[in-house]
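Enquirer: Sharing a sequence plus its predicted fold:
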Amino acid sequence: MSDVVTRDVAEVECLPRVLVVDDSRIVRATIRKHLANMFEIVEEEDGIAGWERLVSDDQVFVLISDLTMPRLDGFGLLDRIRKSQDHRLKGIPVIIISGEEDADTKARAVDRGANDFITKSTDRTEMVSRVSAAVKLAKASRELQRLALAREQAPVLEVQSGLASRHLLELEASKSLASAKRHRGEVTLVLLALDGIDALKARLGEAPVAQLVSMIGQTLSGKLRKDETFALVDEAVFGLLLSCSINQCGSLSDRLLQTVTQARVTFRGERIQLSASVGVSNSRTDGGYDASALLVAAESRLSAAREAGGNQVKLPDISMAAMDIQTALSLLYEGKQELVTPHLPHLLSELAPLLQLAGLSAS
């Protein structure tokens, strides 16, 4: 018998909590009768008591409130809620129990921040539907607040390595992509991962490998310009954000790979030979102006490089990109006309205004 009671209590505690504030015991009992099977109902008799419950109980998802109450009426309660500095309170869905109020009174309640209305005669099905929608709204709002807080609290630097964090790289990627969109530029992301990191940890130990990763990070960072974002995005995985084309960044990826393979690392007198895998993505070939898509594409190519045995660079297929004029000219100067030919229709359309202007000037 005790086991059954325990399960019942657990089930009640998992139900979304709804606060009903009304000075009428009959109204509160009616609402409880309609909603008790779907929600955990708590009650207060006036606006002051309702406000105190909301402040002290962060598990209340929805408020159902009358407008006419002693001490603090529904309008006053709405004002306190919507003017609160607490995001949880300010965003809580409020459903007004409507009696014989006229349209102006309802409009005033909406202006104060009411989300919905029910009447004392609303049937069970409709009441459950309206409260369920309000609970979903509350849960979505809380999740957005949680994510926003996590972003605010996310570190911008990795403590041990002193390098930028993945969070900072993502922020900078979003900024760079927004700028590239405005100015018709492009952004390239390079992910470099040390090969065989698990085998190294088994062989050397966790602490020495952490020091090794930090050392490699500092060495790679020293090869870059100060204005380039270089971050430790995962265990032994570095990210580099560049405002350049694939052709311009490809040689840099090779140099970074070479820096790792040529690093002189010793542990207890033994030389440790390192290698790395590199995956590259580009806004023109992959994610457009979406930072998440850019990261996913680079991570996919990094995985492909690792699965192929490591110590190599996986670049986007340049034929998939909408080639810009500068890249086309660079390839022509290098004698790589075959790479430019597939893009001639796009390049000519880009040059059309200039050609038109030249034709007008000639005439």
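Expert: Looks like it came in fine.

Enquirer: quick one, longest helix in the chain?
Expert: Scanning the chain for the helix with the most residues, using DSSP state H, yields helix 124-153.

Enquirer: and after that one, which helix or strand comes next?
Expert: strand 164-165 (DSSP states H and E).

Enquirer: so what secondary structure elements neighbour that following strand?
Expert: strand 229-234 (3 or more C-beta pairs under 8 Å, 6 or more residues apart in numbering; DSSP states H and E). For every residue, glycine as well, the C-beta is placed using N, CA and C.

Enquirer: neighbouring strands for the strand it packs on, and are they parallel or not?
Expert: Sheet pairing for strand 229-234, assigned by DSSP bridges, gives strand 164-165 (parallel), strand 237-242 (antiparallel).

Enquirer: still on that earlier bit, mean confidence score for the longest helix of the chain?
Expert: Averaged over helix 124-153, pLDDT sits at 82.

Enquirer: go on, stretch 313-320?
Expert: For stretch 313-320, mean pLDDT is 76.

Enquirer: before we move on, what about stretch 283-301?
Expert: 85.

Enquirer: list the buried ones in that stretch?
Expert: 283-287, 289, 291, 294-295, 297-299, 301 (16 or more other C-beta atoms under 10 Å).

Enquirer: Out of those residues, list just those in helices.
Expert: 291, 294-295, 297-299, 301.

Enquirer: Adding distance to Ala103 as columns, could you present those residues in TSV?
Expert: Below are these laid out as TSV (distance: C-beta to C-beta, whole Å):
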residue	distance to Ala103
Ala291	47
Leu294	51
Leu295	51
Ala297	54
Ala298	57
Glu299	56
Arg301	61
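
Enquirer: Quick one: neighbours of Gly74, just the number.
Expert: 23 (other C-beta atoms under 10 Å).

Enquirer: Skipping adjacent residues, who's closest to it in space?
Expert: Leu67 (3.6 Å; C-beta to C-beta, 6 or more residues apart in numbering).

Enquirer: residues touching the one you found, list them.
Expert: 73-75, 96-99, 101, 105, 109 (C-beta atoms under 8 Å, 6 or more residues apart in numbering).

Enquirer: Against Ile97, how distant is it?
Expert: To Ile97, Leu67 is 7 Å away according to C-beta to C-beta, to the nearest Å.

Enquirer: where do the helices sit along the stretch 1-150 of the chain?
Expert: 2-14, 25-35, 47-56, 74-82, 87-90, 103-112, 124-153 (DSSP state H, counting those that start in this stretch).

Enquirer: Looking at the ones you listed, which is nearest to Cys249?
Expert: Nearest of these to Cys249, taken as C-beta to C-beta: helix 124-153 at 27.8 Å.

Enquirer: That closest one to helix 25-35, inter-axis angle?
Expert: 80 degrees (axes from the mean of the first three to the mean of the last three C-alpha atoms, to 10 degrees).

Enquirer: Pull out the buried positions in helix 124-153.
Expert: 127-128, 130-131, 134-135, 137-138, 141-142.

Enquirer: Check whether Gly279 sits in a helix, strand or coil.
Expert: strand (DSSP: H, G, I helix; E, B strand; the rest coil).

Enquirer: Number of residues surrounding it?
Expert: Neighbours of Gly279 (other C-beta under 10 Å): 26.

Enquirer: mind checking how far it is from Ala293?
Expert: For Gly279 relative to Ala293 (C-beta to C-beta), the value is 14 Å.

Enquirer: how about the closest residue to Gln312 other than its chain neighbours, what does it touch?
Expert: Counting by C-beta to C-beta, 6+ apart, Ala305 is the residue found nearest to Gln312 once chain neighbours are left out, at 5.2 Å. Neighbour list for Ala305: 277-279, 312-314 [criterion: C-beta under 8 Å, 6+ apart].

Enquirer: Just the pLDDT at Ala305, thanks.
Expert: pLDDT, Ala305: 93.

Enquirer: Could you do Gly309 as well?
Expert: 91.
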